[in-house]
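Trainee: This is a predicted model, with the sequence first.
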Amino acid sequence: MKCCLDMSLKRLSTIRFYGLLIALLSFSGLTACATVEPWEKGILAKPEMGWTLDPVESALESHIFFSKEGSSGGNISGGSGGGCGCN
Amino acid sequence: MAKKCRQNAALIALTTSALALPGINVKAEGAPDYTSVKYRYTSYAEDKAPEKYTVEGDLERYEIQANQIQLIQPIGERAAITLDYLSETMSGASPWGVKQGADNQPELIMSGASIEENRQDIGARLKIYDQESSISFMGGYSRENDYKATYGGLDNELHFNQKNTTVKLGLRFSLDTINPTQQEGQSRVSEEEKNSASYNLGVTQVLSQTAIIQAGLEYVQLSGYLTDPYKLQDSRPDVRKQTVVSFGYRQFIKPTDSALHLDYRSYTDDWEVSSHTVNIAWYQNFGDRHVIAPSIRLYNQQKAKFYGVYYDENSATEYFSSDYRLSSYQAMSYKLKYIKYFDTWSFTVAGERYESAGSQAGGSLDEIENPGLVSFTRWTVGFDIKI
């Protein structure tokens, strides 16, 4: 029973992963029709509309989470640098 | 005719200035035209270890003081170099392991408070801009008394659809060496190596004049000595394959002059650790160029397949860890950030409180809350200068 449950959960996880992958790959195609002209991007250029408002603080913050949690990654806009994070 | 020319000139000036502002991928088609220097000081302090469960070692956990400086220097009209330097001092006690106490209660073994380390990290990034693309090369070196890391990478951004769509491809690697500090009475490795490689794909799409969305996929492979040399009875597989899917959304709200940030990350790996992370932030402009930004981060993690709250000699397996970071738990953090912009510089201060607690569903031994779970408070203060 537990084995079947584990298999079902793994299958569900695999389906979820490929679902997200397909969504990601089709993302640009589906939304490519949205066209905002360069002179209409004043608001998008504001600092508070950036992916990371403070990349220096975010780099250290990412390193703290990398050191103190069991998962990491996903920070497309930057990295967390080196370091052990053992203690 | 003259009026139309003036309108075109105004339009070009407006477009040029919008494109020159730093911040997001879609308009980053030109290198920055000024030098900038950023400085941050961070103070990080973990809560004391729980007195009720701690049977050995010191209760005072880690404290970190970090100084960071970043220099961004334009090189010609189509390139910029970014230099980052970090120096951090770490001190305090750290969890070594958990053992079984009376009535199956976990007993936490902490190190002494003698840990005192300094880490220095220097990194550089060269970004070259073209009309429809950009490429970045980066590298760095991190050194502390028991750990050295040499890392590098490459990013390539491609713009499409009048720069409303950006595709980003990235590669990263890190070559690390561990030389654990030796401790009398404990058997620790003398020198081991650990390597990592990551590949990521990101797509950014402008949805409207006030909304933008991003999706990312990342695959990371770690190999080598992945055991924590400071943990007791810790033995982990020498390969770890991680997959991360992430989404980000930014919406500007004109009536309130504010911006909403939504971020989500789904993480899975072949150690069967999985997690979901949600981050929600609100950037509120007010008064004379002040910004205040409250945010909340929610984190939920499922344990590694070889995690146990404490070691059981009778059911010993090839791999085992009682590291709280590999347990099932939830964490919530609250952050408040304030920024004041002046003409050529800005000032920022941020405070964050992070609290974690075990997942209590079920009630089996594995779901006993690990007493090593960390809660911390962080303060960051700093300034940016445009030269």
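Mentor: Ah, there it is. A quick note: this is a predicted structure, and the numbers were derived from the prediction, not measured.
Trainee: Helices of chain B, start to end?
Mentor: Here chain B has its helices, by DSSP state H, at B:2-20.
Trainee: can you give me the helices in chain A?
Mentor: A:2-31, A:55-68.
Trainee: Now the weakest link among those helices, please, by mean pLDDT.
Mentor: For those, mean pLDDT drops lowest on helix A:2-31, to a mean of 53.
Trainee: need the contact list for the closest residue to residue B:277 other than its chain neighbours.
Mentor: Leaving aside its sequence neighbours, residue B:277 sits nearest to residue B:265 (Cβ to Cβ, 6 or more residues apart in numbering or on different chains; 4.3 Å). The C-beta positions use only the backbone N, C-alpha and C, and glycine is treated the same way. When contacts are counted by Cβ atoms under 8 Å, 6 or more residues apart in numbering or on different chains, residue B:265 touches A:73-74, B:244-246, B:275-277.
Trainee: By pLDDT, give me the weakest of those.
Mentor: residue A:74 (72).
Trainee: Contact partners for that residue?
Mentor: B:216, B:218, B:244-246, B:265, B:267, B:277.
Trainee: Now, of the contacts of residue B:265, which are buried?
Mentor: A:73-74, B:244-246, B:275, B:277 (16 or more other Cβ atoms under 10 Å in any protein chain shown).
Trainee: Could you export these as CSV, including distance to residue B:94?
Mentor: Output for these, formatted as CSV (distance: Cβ to Cβ, whole Å):
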residue, distance to residue B:94
A:73, 23
A:74, 26
B:244, 26
B:245, 32
B:246, 29
B:275, 22
B:277, 24
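Trainee: Mind checking which of those are in strands?
Mentor: Here DSSP state E is the test, and the buried ones among the contacts of residue B:265 give B:244-246, B:275, B:277 as lying in strands.
Trainee: picking up where we left off before, adding distance to residue A:50, write the contacts of residue A:74 out as JSON lines.
Mentor: Formatted as JSON lines, the contacts of residue A:74 follow (distance: Cβ to Cβ, whole Å):
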{"residue": "B:216", "distance to residue A:50": "15"}
{"residue": "B:218", "distance to residue A:50": "20"}
{"residue": "B:244", "distance to residue A:50": "21"}
{"residue": "B:245", "distance to residue A:50": "21"}
{"residue": "B:246", "distance to residue A:50": "16"}
{"residue": "B:265", "distance to residue A:50": "18"}
{"residue": "B:267", "distance to residue A:50": "23"}
{"residue": "B:277", "distance to residue A:50": "19"}
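Trainee: which of those residues lies closest to residue B:305?
Mentor: residue B:267 (15.1 Å; Cβ to Cβ).
Trainee: tally of neighbours for that closest one?
Mentor: As a burial measure, residue B:267 scores 25 neighbours (other Cβ atoms under 10 Å in any protein chain shown).
Trainee: wait, what's in contact with the residue lying closest to residue B:240 once chain neighbours are set aside?
Mentor: Leaving aside its chain neighbours, residue B:240 sits nearest to residue B:222 (4.3 Å; criterion: Cβ to Cβ, 6+ apart). Shown in contact with residue B:222 (Cβ under 8 Å, 6+ apart): B:194-196, B:239-242.
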